[in-house]
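Student: Everything below, folded, please.
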Amino acid sequence: MMKLLLAAALIGAATVTVGAVELPPDIAKQGSIKVAIVPNYPPMEFRDPATSALTGFDVELGEALGRKLGIKIVWQETSFDQFMPSIATGRVDAILSGMTDYASRHEAATFVDYLRSGPHFFVQQSRAAEFKGAAALCGKKVGASRRTAFPAQVAAWSEAHCGSSPIQFVGTDGSADARTQLKQGRIDAAVQGSETLPYIMDLEPGAYTAVGETFTPGFTGIALPVKEMALQQAMVEAVDALIADGTYRILLSKWKLNDNGIEKATINAGQ
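Tutor: Residues are numbered from 1 along each chain as shown. Here you go, the predicted structure:
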C-alpha cells in the first residue's frame, strides 16, 4: 500500500514539474506583468457595452496565460501609436491586442504568434451577385483603415491581379468608417481582418458577404521586448500548454475564430 501511495505521489510531482513554465526571476518575484491593450477591436478586445468590462478573445487568452504562468495580468490601456514606445521604454512587459506580426516590427519587438490572420474583402449582401470572386473588385472603390497595413496589401493584390483596371483604394478612419462608407454606397467593397469579419457579420445579419479568400495571410502575435528571451520562451510554452489542454480551442470556438487557430506557437513567423 505504501509503495502505491509513493508511486502516486511521484507521478503527481512529475506532472507538476512537466507542466511548470519558468519565468524570468524579476517577473516571477513581482508576480505580474503589464500588458498593453487598445479595446476597440472586437472580438479580439473591446469593452462590454453592458458592463464596460474588458472582454474578447485576447482578454480571455491573456487571463488564461496568466493562470498558466502563475502571475497576474495587469492590463494597461494605451493608444496604438504608443505600443512600440511602451515596449521600448519598459512601461509595459507585453502587448496583447490583436497586433499583426510583421517582419518590419521585429527590430522593435519579438512576437509570439498565437493566431492566423489576414485581410479579407467583403461587400454589401445586397450586391453579392456582382462579386462572385475577388477579380470582380478590379476597377472598383475599396475602402480600409489607413492606419493599418491594408492599404499596401490591397495595392499589392491589385497590382498582381487587376492589370490595367486597378482597385481604387479609399483610406478610412478605421474599420467602422469603412463599413459606414460601404453602407452609404461611397465605396463598393471594404477590407477587414479575417479574425474580425465573422464577428461583424454576426452583429449585422444579412448586411455583408465575404468575397474571395483571405489574402496576404499572416499571424497575430504577443509583442515582447527583444532582449527578454526568457519571457519569450515562457510565453511560447504557456500558449502551447493552453493548446494542449484544450483551453485555446474553447476560446476559439467561443469567439468564432476556429478558422484562425494554430497548432503550435511560433516566434516572429510574420513576413
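Student: Secondary structure class of the residue nearest to T220 when sequence neighbours are not counted, three-state.
Tutor: Of all residues not flanking T220 in the chain, L115 sits nearest, at 4.1 Å (CB to CB, 6 or more residues apart in numbering). Quick note: C-beta positions are derived from backbone N, CA and C, even for glycine. Assigned by DSSP: H, G, I helix; E, B strand; the rest coil, the conformation of L115 is strand.
Student: Next up, the contacts around L115.
Tutor: The neighbours of L115, taking CB atoms under 8 Å, 6 or more residues apart in numbering as the test, are E195, F219, T220, L257, N260, G261, I262.
Student: Which helix or which strand is home to the residue sitting nearest the centre point of the chain?
Tutor: Residue closest to the mean C-alpha point of the chain, counted by CA atoms, centre = their mean, is G98 at 3.3 Å. Element membership for G98, per DSSP states H and E: none, as it lies in no helix or strand.
Student: now the strands for the stretch 51-200 of the chain?
Tutor: Per DSSP state E, counting those that start in this stretch, the stretch 51-200 of the chain carries strands over the ranges 54-55, 72-77, 94-95, 110-117, 119-124, 141-145, 168-172, 189-193.
Student: The second one: partners in the sheet, and parallel or antiparallel?
Tutor: Okay, so that is strand 72-77. strand 32-37 (parallel) (DSSP bridges).
Student: Could I get the full set of helices for the stretch 101-250 of the chain?
Tutor: 150-161, 175-183, 197-203, 229-245, 247-254 (DSSP state H, counting those that start in this stretch).
Student: Now for the residue nearest to E263 when sequence neighbours are not counted: which residues touch it?
Tutor: Nearest residue to E263, sequence neighbours excluded (CB to CB, 6+ apart): I243, at 7.1 Å. The contact partners of I243, taken as CB under 8 Å, 6+ apart, are R249, I262, E263, K264, A265.
Student: Among these, which one has the most neighbours?
Tutor: Highest neighbour count within the contacts of I243: A265, with 22 neighbours (other CB atoms under 10 Å).
Student: Tell me if I'm right that it and D101 touch.
Tutor: No - using CB atoms under 8 Å, A265 is not in contact with D101; the gap is 11.5 Å.
Student: mind listing what the residue nearest to the centre of the chain touches?
Tutor: Residues in contact with G98, defined by CB under 8 Å, 6+ apart, are Y41, M44, E45, D58, G193, E195, T196, T220.
Student: how about 6 Å then?
Tutor: Y41, M44, T220 (CB atoms under 6 Å, 6 or more residues apart in numbering).
Student: domains for the chain, by residue range?
Tutor: 20-117+218-267, 119-211 (automatic domain parsing).
Student: export those domains to CSV and tack on mean pLDDT?
Tutor: Shown next, in CSV, are the domains of the chain (pLDDT from 0 to 100):
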stretch, mean pLDDT
domain 20-117+218-267, 95
domain 119-211, 96
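Student: Among the contacts of G98, which lie within strands?
Tutor: Those of the contacts of G98 mapping onto strands are Y41, T220, per DSSP state E.
Student: what comes into contact with stretch 253-260?
Tutor: So stretch 253-260 is in contact with P43, F57, L115, R116, E195, P198, L252, going by CB under 6 Å, 6+ apart.
Student: how near is W157 to V142?
Tutor: From W157 across to V142, the span is 10 Å (CB to CB, to the nearest Å).
Student: Find the nearest non-adjacent residue to Q192, please.
Tutor: S175 (5.7 Å).
Student: how many other residues sit next to the one you found?
Tutor: The number of residues packed near S175 is 24, by other CB under 10 Å.
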